[in-house]
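Engineer: Got a predicted structure plus its sequence, pasted below:
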2 protein chains.
Amino acid sequence: MKSGSKASTTEGRVTPEGLEKLAGVFRVFGEAGRLALLQELKEGEKTVGELVELSGIGQAGVSKHLKMMHDADILSRRKEGTKVYYAVSDPMVFELCDLVCSKLVREQEQLRAIEYVI
Amino acid sequence: MKSGSKASTTEGRVTPEGLEKLAGVFRVFGEAGRLALLQELKEGEKTVGELVELSGIGQAGVSKHLKMMHDADILSRRKEGTKVYYAVSDPMVFELCDLVCSKLVREQEQLRAIEYVI
DNA sequence: AATGATTATTCCTATAAAGGAATAAACGAA
DNA sequence: TTCGTTTATTCCTTTATAGGAATAATCATT
């Protein structure tokens, strides 16, 4: 067992500041545009321009979203000339999305089952 | 392998509507007050009044947060007399929080290691 | 029916965040 | 240095959400 790290683990209580940080991370994922960008980045690193093309989001928006995710330590950033490559730096991202996705699928199946009965 | 369920699984593409739903779920977790309520509910079902006491959030706020989480199929609701008991209905909730918590702990440990070097 | 207790909802205000246009900044090439 | 490309930032408007006070709704008790 590791020693300190009192601020934000889920066994036992989490401090209000810990909860705020937690919520902050979830908020990063709480926007469809950012999830779309993550979906593109799942296939590998991409430049801002490529992501603008692929996502249909405006350049400013993409740049802001990427900065936000980079600040949250979700993306890595690599500069090459005038281009900037972003990549997912924490695979937790996909575990998170898979968890919620499977939940949504479960719900949908349940709905379908109900429709079937009716 | 299950058959249909095209709308929102993470292998392959997720539709824009799927992404919107996904984001919506994350937004539920993107607020410290709601996480605090979930933390209380981790120990078992509680009434609205108990949660008001425990969380320090106002009655209206608690009620609204609970409704939101119930609508998102995260909480179950049981009425007994004038009291209403809420409980976490999907253990995914805790997996989600644990995932993000462990990420935060990792980051904090990394920060600590850097401080140690300096 | 009237009262008290509990929860839900409405209304308002304040805050935060998204989105777009324009501009700035960083960099390479000529 | 100047120009073109790419990305970041600023400014503005709009929308969404939290939070509180007040009110409504629900239910048991008398």
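Structural biologist: That came in fine, so what should we check first?
Engineer: Show me where chain A dips below the pLDDT cut-off.
Structural biologist: Counting by pLDDT under 70, chain A contains low-confidence ranges at A:1-11.
Engineer: what about 80?
Structural biologist: Applying pLDDT under 80 to chain A flags residues A:1-12, A:115-116, A:118.
Engineer: So which residues on it come close to DNA strand C?
Structural biologist: Selection of chain A residues close to DNA strand C by Cβ under 7 Å from any atom of the strand yields A:27, A:30-34, A:57-61, A:64-65, A:68, A:79, A:81-82. For every residue, glycine as well, the C-beta is placed using N, CA and C.
Engineer: Quick check: A:Val52 touching A:His65?
Structural biologist: No - using Cβ atoms under 8 Å, A:Val52 is not in contact with A:His65; the gap is 10.7 Å.
Engineer: what about those two, which has more around it?
Structural biologist: Neighbours of A:Val52 and A:His65, each counted by other Cβ atoms under 10 Å in any protein chain shown, are more numerous for A:His65; the result is 23 against 18.
Engineer: any chance you could read off phi and psi for A:Gly18?
Structural biologist: With angles defined as degrees, to the nearest 10, A:Gly18 sits at phi -60, psi -40.
Engineer: what number of residues lie near it?
Structural biologist: Neighbour count of A:Gly18, defined by other Cβ under 10 Å: 22.
Engineer: same question, the one 4 residues further on
Structural biologist: Applying other Cβ under 10 Å, we find 25 other residues in the vicinity of A:Leu22.
Engineer: same thing with A:Ala23?
Structural biologist: With neighbours defined by other Cβ under 10 Å, the count for A:Ala23 comes to 19.
Engineer: and what of the one 3 residues further on?
Structural biologist: Residues near A:Phe26, counting by other Cβ under 10 Å, number 23.
Engineer: who are the neighbours in contact with it?
Structural biologist: Residues near A:Phe26 by Cβ atoms under 8 Å, 6 or more residues apart in numbering or on different chains: B:Phe26, B:Arg27, B:Phe29, B:Gly30, B:Val100.
Engineer: Kindly report the same for A:His65.
Structural biologist: A:Glu31, A:Gly33, A:Arg34, A:Leu37, A:Ile57.
Engineer: Much appreciated, bye for now.
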